[in-house]
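K.L.:
Sharing a model that was predicted from the sequence below.
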Amino acid sequence: MAAYKAVRIMSWIYSDGTTDSITIKLATDGDPYWVASQHPAGHGGHIANWFSQPNAANAPKAAKMVSGMNSLGYSVPNSILTINFTPKPNGEKQEFVVDLLFA
């Protein structure tokens, strides 16, 4: 396996108690997600859509589960993450952390 650069992202939902799968569209006009970054005073970040940034041609080549899910799928052609998870009770927050891998 080749070495990949990784960008850690996070998204979250408030559970309805039954839904066990979501998709996150990474492409332009897709869904927002949190991109981690480090600041001298501690951790911070911003909400971003990777493909709305300059140099959008450098799309992720793969995705890796970090936490919060049972399985993760990534469709390279249309840049959509599919996250499968065990739902929490209605109204509880669920966080999903994913590493996007770039060649």
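P.N.:
Looks like it came in fine. As the structure is a prediction and not an experimental result, all values here were calculated from the model.
K.L.:
Now the phi/psi pair for V97, please.
P.N.:
phi -110, psi 130 (degrees, to the nearest 10).
K.L.:
List the residues that contact it.
P.N.:
Residues in contact with V97 (CB atoms under 8 Å, 6 or more residues apart in numbering) are 8-10, 66-68. Yep, even glycine has a C-beta here, placed from its N, CA and C like the rest.
K.L.:
Just give the nearest non-adjacent residue to it, would you?
P.N.:
Taking CB to CB, 6 or more residues apart in numbering, and ignoring the residues beside it in sequence, V97 has V66 as its nearest neighbour in space, at 3.9 Å.
K.L.:
Let me see the residues that make contact with the helix or strand that that neighbour is a member of.
P.N.:
Following DSSP states H and E, the helix or strand that holds V66 is strand 62-67. Taking CB under 8 Å, 6+ apart as the criterion, the residues outside strand 62-67 that touch it are 4, 6, 8, 71-72, 74, 76, 81, 95-101.
K.L.:
what bridges to V7?
P.N.:
L100 (DSSP bridges).
K.L.:
what about N58, how many residues close to it?
P.N.:
If you count neighbours by other CB atoms under 10 Å, N58 ends up with 13.
K.L.:
I'd like to know how far it sits from L101.
P.N.:
According to CB to CB, to the nearest Å, N58 and L101 sit 12 Å apart.
K.L.:
What of I13?
P.N.:
Taken as CB to CB, the span from I13 to L101 is 23 Å.
K.L.:
before we move on, the earlier item: which among the contacts of strand 62-67 count as buried?
P.N.:
The neighbour-count criterion (16 or more other CB atoms under 10 Å) marks 6, 72, 74, 81, 96-101 among the contacts of strand 62-67 as buried.
K.L.:
re earlier: would you list the strands that the strand holding V66 pairs with, along with their directions?
P.N.:
Here strand 62-67 is paired, per DSSP bridges, with strand 93-102 (antiparallel).
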